[in-house]
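what follows is a protein structure lacking sequence information:
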C-alpha cells in the first residue's frame, strides 16, 4: 500500500509543478497520470533492488514514450506534461548531502580522516546526483527526439 501512496503523492507533486508552470487545464489529468506512473515505477524498481540511476532512467523513459500519444490525444506539446511529471524525481537529497559535505569540508573539519570521509561523501553523492539528472534528461528526450519526425497517426498504422 505504501508504494501506491508514494505514487499518488508523486502524481500530486507533478500536478503542483504543472500548475506552477501554468499548464493548460486539460493537461492536468495527464500530468497526474504520468507522475503516478513515474512514482509507481520508481517505487517498484527500487523495492526490487535496482540502482537509482537506472530506475530514474526507466521512469523517465516511460514518460518520454507515453507523452507522444498523450500529446496527440489532448492536442498539446509533449513537453507541457512530461517535464512537470518528472520534476519530483530530481535528486534533492543527493544535492543536499553534497552541499552539506562540501560546507563541512571547507569550513568546519580539520581532522584528516574526517576530511577524507567528507571527500568520499562529496563525490559519491555528487556523481549520483549528476547521473540521475543525466538519466532523467535522456529518458525524456530520447523518445521525443527519435519519434518527432513520425507522427502518432503514422505509428498507429
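Looks like it arrived, so ask away. Values in this document were obtained by computation on a predicted structure and should not be read as measured data.

only C-alpha atoms from now on, for both contacts and neighbour counts.
Noted.

so what's the closest residue to residue 91 other than its chain neighbours up against?
Residue nearest to residue 91 in three dimensions, not counting chain neighbours: residue 129, with 5.8 Å by CA to CA, 6 or more residues apart in numbering. By CA atoms under 8 Å, 6 or more residues apart in numbering, the residues touching residue 129 are 91, 94, 95.

go on, residue 77?
Here residue 77 is in contact with residue 71 (CA under 8 Å, 6+ apart).

the residue nearest to residue 91: which element?
helix 112-146 (DSSP states H and E).

buried residues in that helix, which are they?
For helix 112-146, burial by neighbour count (16 or more other CA atoms under 10 Å) applies to 115, 118-119, 121-122, 125-126, 128-129, 131-133, 135-141, 143-144.

over to stretch 64-84?
64-71, 76, 78-84.

what of stretch 25-38?
27, 28, 30, 31, 32, 33, 34, 35, 36, 37, 38.

do stretch 5-15 as well
So, applying 16+ other CA under 10 Å, buried residues of stretch 5-15: 6, 7, 8, 9, 10, 11, 12, 13, 14, 15.

separation between the spatially most central residue of the chain and residue 104?
Centroid check for the chain by CA atoms, centre = their mean gives residue 89 as the closest residue, at 3.3 Å. Distance of residue 89 to residue 104, given as CA to CA, to the nearest Å: 26 Å.

ok, residue 79 next?
39 Å.

now do residue 92
According to CA to CA, residue 92 and residue 104 sit 18 Å apart.

what about residue 20, distance to residue 83?
12 Å.

sweet, I'm off.
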